[in-house]
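S.K.: Okay, predicted coordinates and the sequence, questions at the end:
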Amino acid sequence: MATLDMQEQEQVDAFKSWWKTNGTRVMALLAVVVLALAVAMGWQYYQAKQVAEASTLYTELEKQLASNDPKRINDAAVVIIEKYSSTAYAPRAALLSAQVSMFLADAPQAKMRLRWVIEHAKETGLQNVARLRLATLLLDEKDYDGALKLLESAQADSFAGLYADLKGDILSVQNKTAEARIAYQQALDKVDAKNAYRNLIQLKLDGLAK
């Protein structure tokens with residue numbers, strides 16, 4: 001038993017010696033870990049709060065659409081974009097704001113919002129929608145090269161037909177008939193056979209021959 005006590009005392013003495021050398025470092029490391037956990041929990045709470053507030057405001061924004069008041073709609077969208085830019089509601093608000101601006105023929109404002117979505121949205125679907133709408137605006141402004149460059153960006157298969165169709169429109173306006181025909185054919189190949197939109201694409205393709 002005495003031998004065991006001596007062993008225990010040696011272990012205690014060894015631990016005291018080790019702690020004297022490393023104790024400060026260990027405590028500092030623990031403090032860093034605790035602080036990191038506190039920051040992570042605080043950030044999660046902040047993000048959840050941001051999302052909840054943005055969700056409430058976005059619901060209000062959707063209600064404002066019924067008012068048909070462009071200023072109220074844009075003002076509501078701007079609050080979400082500026083205060084809650086990290087949430088998924090911001091790019092959606094920006095798309096709605098761009099849509100209102102397009103209706104009001106305010107192309108500069110619409111393009112600014114659409115570019116914001118392209119640069120900041122984390123969902124590729126929203127980026128695809130924004131590129132498509134922006135390319136349409138650039139086509140109206142006769143910025144054909146800018147529009148085609150946007151349409152060359154990677155897109156999901158669900159958007160491939162729409163992108164190819166708009167590309168065909170741009171090439172057709174430029175009298176690049178052969179290239180437009182290829183684009184329209186690609187659009188037909190990408191659009192579901194049961195989709196009525198194929199009829200419009202086919203009309204464009206047939207129109208090239210005439």
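M.R.: Nice, thanks for sending it over.

S.K.: residue closest to the middle of the protein?
M.R.: residue 121 (1.6 Å; CA atoms, centre = their mean).

S.K.: what's the pLDDT at the closest residue to that one other than its chain neighbours?
M.R.: In space, and not counting its chain neighbours, residue 121 is closest to residue 91: 3.8 Å by CB to CB, 6 or more residues apart in numbering. (Glycine included, C-beta is placed from N, CA and C.) We note a pLDDT of 90 for residue 91 in this prediction.

S.K.: Same question for the one 4 residues further on.
M.R.: Among the per-residue scores, residue 95 shows a pLDDT of 89.

S.K.: Does it lie in a helix or a strand, and which?
M.R.: In this assignment (DSSP states H and E), residue 95 forms part of helix 89-103.

S.K.: And that helix, what does it pack against?
M.R.: Applying 3 or more CB pairs under 8 Å, 6 or more residues apart in numbering; DSSP states H and E, one finds that helix 89-103 contacts helix 2-65, helix 70-83, helix 107-120, helix 124-140.

S.K.: chain center to that helix: distance?
M.R.: On the basis of CA atoms, centre = their mean, to the nearest Å, helix 89-103 sits 13 Å off its chain's mean C-alpha point.

S.K.: Show residues contacting it.
M.R.: 51, 54-55, 57-58, 61, 65, 70, 73-74, 76-78, 80-81, 84, 107, 109-111, 113-114, 116-117, 120-123, 126, 129-130, 133, 137 (CB atoms under 8 Å, 6 or more residues apart in numbering).

S.K.: That concludes my questions; thank you for your assistance.
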